[in-house]
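Student: heads up, no residue letters with this:
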């Protein structure tokens with residue numbers, strides 16, 4: 001059974017955090033095929049061990065957290081809460097908006113974080129966000 005869907009696919013195999021824009025595709029689960037109707041490409045997919053999938057998906061993020069953060073990064077004072085909120089909003093805008101809206105919203109959030117950091121006398125808030 002073929003279904004036409006609109007999906008976001010990864011740019012690189014097994015690297016799950018670099019998504020393209022959404023493309024119209026056709027999935028055939030009986031023949032295990034994926035056809036990208038916009039780019040005219042055809043792929044065959046196979047079953048994948050769920051533990052390997054989850055480790056490939058989340059292990060790089062856990063390693064980044066382990067090597068880049070300390071316990072002081074998770075002390076929730078006013079500055080870190082504002083920085084994490086701005087970073088979360090920036091991440092949402094990057095992941096859910098496209099093209100000009102993404103660029104404009106990201107620039108506005110960065111300018112807003114610069115202004116908030118200047119107002120809070122935390123001049124490095126932009127770097128944390």
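Tutor: Alright, I've got the coordinates. This structure is a prediction, so every number in the text was calculated from the model and none was measured. Numbering: from 1, shown residues only.

Student: Make sure I have this right: residue 43 is in a helix.
Tutor: No - Residue 43 is assigned strand when assessed by DSSP: H, G, I helix; E, B strand; the rest coil, not a helix.

Student: list the contacts for it?
Tutor: Neighbour list for residue 43: 33, 34, 35, 36 [criterion: Cβ atoms under 8 Å, 6 or more residues apart in numbering]. (Each C-beta comes from the backbone N, C-alpha and C, glycine too.)

Student: Run through the bridge partners of it.
Tutor: For residue 43, the beta-bridge partners under DSSP bridges are residue 34.

Student: ranges for the helices of the chain?
Tutor: For the chain, the helices defined by DSSP state H cover 50-68, 78-96, 99-119, 125-128.

Student: Select, out of those, the one closest to residue 23.
Tutor: Nearest to residue 23 among those is helix 99-119; the distance by Cβ to Cβ comes to 14.8 Å.

Student: Name the residues of that closest one that are buried.
Tutor: Residues of helix 99-119 classed as buried: 105, 106, 109, 113, 116, 117 (neighbour count, 16 or more other Cβ atoms under 10 Å).

Student: Throw those into TSV and include pLDDT, thanks.
Tutor: TSV is the format used below for the buried residues of helix 99-119 (pLDDT from 0 to 100):
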residue	pLDDT
105	89
106	87
109	89
113	89
116	90
117	87
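
Student: Can you lay out those as a markdown table showing distance to residue 73?
Tutor: Below are the buried residues of helix 99-119 laid out as a markdown table (distance: Cβ to Cβ, whole Å):
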| residue | distance to residue 73 |
| --- | --- |
| 105 | 25 |
| 106 | 23 |
| 109 | 20 |
| 113 | 17 |
| 116 | 19 |
| 117 | 17 |
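
Student: Return the member of those nearest to residue 94.
Tutor: Residue 94 lies nearest to residue 106 out of the buried residues of helix 99-119, by Cβ to Cβ, at 6.2 Å.

Student: Worst mean pLDDT among the helices of the chain?
Tutor: Ranked on mean pLDDT, the bottom entry among those is helix 125-128, at a mean of 75.

Student: Run through who's touching that helix.
Tutor: 79, 80, 82, 83, 86, 87, 110, 113, 114, 116, 117.
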